[in-house]
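[1] Take this sequence and fold it.
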Amino acid sequence: MARKRRNFEVFSMSFLDCMCCGFGAVVLVFMIINAQVVHDAEAPRDDQTGETTRLQIEILDQRKNMVLAKNSMEQLKDEKIRAEDQIAQIIALIEKLKAELEKLDKTTLAKIESVEKLQSDIKRLEDEKKRLLAVEAERQSEGSKVRRFTGDGDRQYLTGLKVGGERILILVDSSASMLDRKIVNVLRRRNMSDAVKLRSLKWRQAVASVDWLSAQLSPGSKFQMYTFNNESRPVLKGSDGVWLEVGDGKQLDEAIRTLRRTVPENGTNMYDAFELVKKLNPPPDNVIVLVDSLPTMNTTETEPGMVTGQERLKYYYEAEALIPSGVTVNILLYPMEGDYNAAIVYWLLAYRTGGSFMSISKDWP
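    Numbers count the residues shown, from 1 in each chain. As a prediction, the model looks like this:
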């Protein structure tokens, strides 16, 4: 009988035992090696430990430095902000100072201009003071003036003419010869209209002279003004033989206005004019005569025909004899062509009575 074969088994008990033992040995070796590795790993080397410690210290130092740097940077940022604020404040202060400086410059300039103006005002006031002192000195020496007269160019007149006194008599020649300095022009003008006669330069000059004289009178004095040609008449009607108060100058103004409207005409009767000096009561202490030539008559009626030089001298001396002693006579002569004796006899009259004689130029006053 044939023998029955047994079945072949790959994993037998013996094989498994061998495999288990082999694996167990491997595991054991692995565990031994691993334990050694762990031990080596957990027990670091001394040189590496020191290096690590040094690196850690450096890291700490760097972190510290970084923190310090960060703090310094923050401080710098704060300082920068404060510096910017201070710069802004300084800029604002500079602008303010510039504005104040500009204001002060303007104020200083204004003060300089003000000082210069004050200096100018002081100088002007000093000049005005000097002028007023001069005027006051003149007023005290000549008496207060109630009227003002200004000639061409505001001229000042140093005449030596005595216009003071308590009672001043002004005699104005209003004869036809006062129309011009030349005889031929007098003959031509006396036949013209009154308007033309009033515009005569010689007559206007005589009126301006009276205007100037009236401005020299003292307010406390008295005056009388007469015109004379063939007869004598008071310039102000109704004032014959009466002394007028200078006062505030109103009567003087009216007398000048009336004189400007008086027309020169007829001959020259000086006898009638000088007779007034005797008639006035009380008599004048100063007589001012405005005349251009010797008289041509000694009565109110004009005689026909020519009057010689000798006759005119005779008429004059007869009139001069009427002047009382002690009366000052001042002469303002407006020279007439051909009458050479007039200047001599009138100068002698002024000299003898203690008065002044003036031969008037064409541009006075």
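[2] Could you point out the longest helix of the protein?
    helix 46-142 (DSSP state H).
[3] Pull the distance from that helix to the chain's centre.
    Between the centre of helix 46-142 and the centre of its chain there are 40 Å (C-alpha atoms, centre = their mean, to the nearest Å).
[4] pLDDT (mean, whole number) over it?
    Averaging pLDDT along helix 46-142 gives 81.
[5] For the helix or strand following that helix, name the packing helices and strands.
    Downstream of helix 46-142, the first helix or strand assigned by DSSP states H and E is strand 167-173. If contacts are counted by 3 or more C-beta pairs under 8 Å, 6 or more residues apart in numbering; DSSP states H and E, strand 167-173 sits against helix 201-214, strand 222-228, helix 270-279, strand 286-291. Using the backbone N, CA and C atoms, a C-beta is placed for each residue, glycine as well.
[6] which helices and strands sit right next to the last one?
    Right, strand 286-291. strand 167-173, helix 201-214, helix 270-279, strand 328-333, helix 341-353.
[7] okay, those in TSV with mean neighbour count next?
    Below are the helices and strands packed on strand 286-291 laid out as TSV (neighbours: other C-beta atoms under 10 Å):
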stretch	mean neighbour count
strand 167-173	24
helix 201-214	20
helix 270-279	20
strand 328-333	24
helix 341-353	17
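[8] quick one: which of those is nearest residue 234?
    helix 270-279 (9.3 Å; C-beta to C-beta).
[9] other SSEs contacting that closest one?
    Packing contacts for helix 270-279, counted by 3+ C-beta pairs under 8 Å, 6+ apart, involve strand 167-173, strand 222-228, strand 232-234, strand 286-291, helix 309-320.
[10] Now the shortest one: buried residues?
    The reference is to strand 232-234. For strand 232-234, a neighbour-count test (16 or more other C-beta atoms under 10 Å) marks 232, 234 as buried.
[11] Okay, now the sheet partners of it, with direction.
    strand 222-228 (antiparallel) (DSSP bridges).
[12] do you know which of the helices and strands packed on strand 167-173 lies nearest residue 318?
    The nearest among the helices and strands packed on strand 167-173, by C-beta to C-beta, is helix 270-279 at 5.9 Å.
[13] List of residues touching that closest one?
    By C-beta atoms under 8 Å, 6 or more residues apart in numbering, the residues outside helix 270-279 that reach it are 169, 171, 226, 228, 230-232, 241, 283-284, 287, 289, 291, 294-295, 298-300, 315-316, 318-320, 322-324, 327.
[14] which stretch among the helices and strands packed on strand 167-173 comes nearest residue 260?
    Comparing the helices and strands packed on strand 167-173 against residue 260 with C-beta to C-beta, the closest turns out to be helix 201-214 (5.4 Å).
[15] Measure how that closest one sits relative to strand 222-228, angle-wise.
    For helix 201-214 against strand 222-228, the angle by axes from the mean of the first three to the mean of the last three C-alpha atoms, to 10 degrees is 170 degrees.
[16] Out of the helices and strands packed on strand 286-291, which gets nearest to residue 63?
    Across those, the minimum distance to residue 63, taken as C-beta to C-beta, is reached by helix 201-214, at 116.3 Å.
[17] Kindly reformat the helices and strands packed on strand 167-173 as CSV containing mean pLDDT.
    Formatted as CSV, the helices and strands packed on strand 167-173 follow (pLDDT from 0 to 100):
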stretch, mean pLDDT
helix 201-214, 92
strand 222-228, 95
helix 270-279, 91
strand 286-291, 94
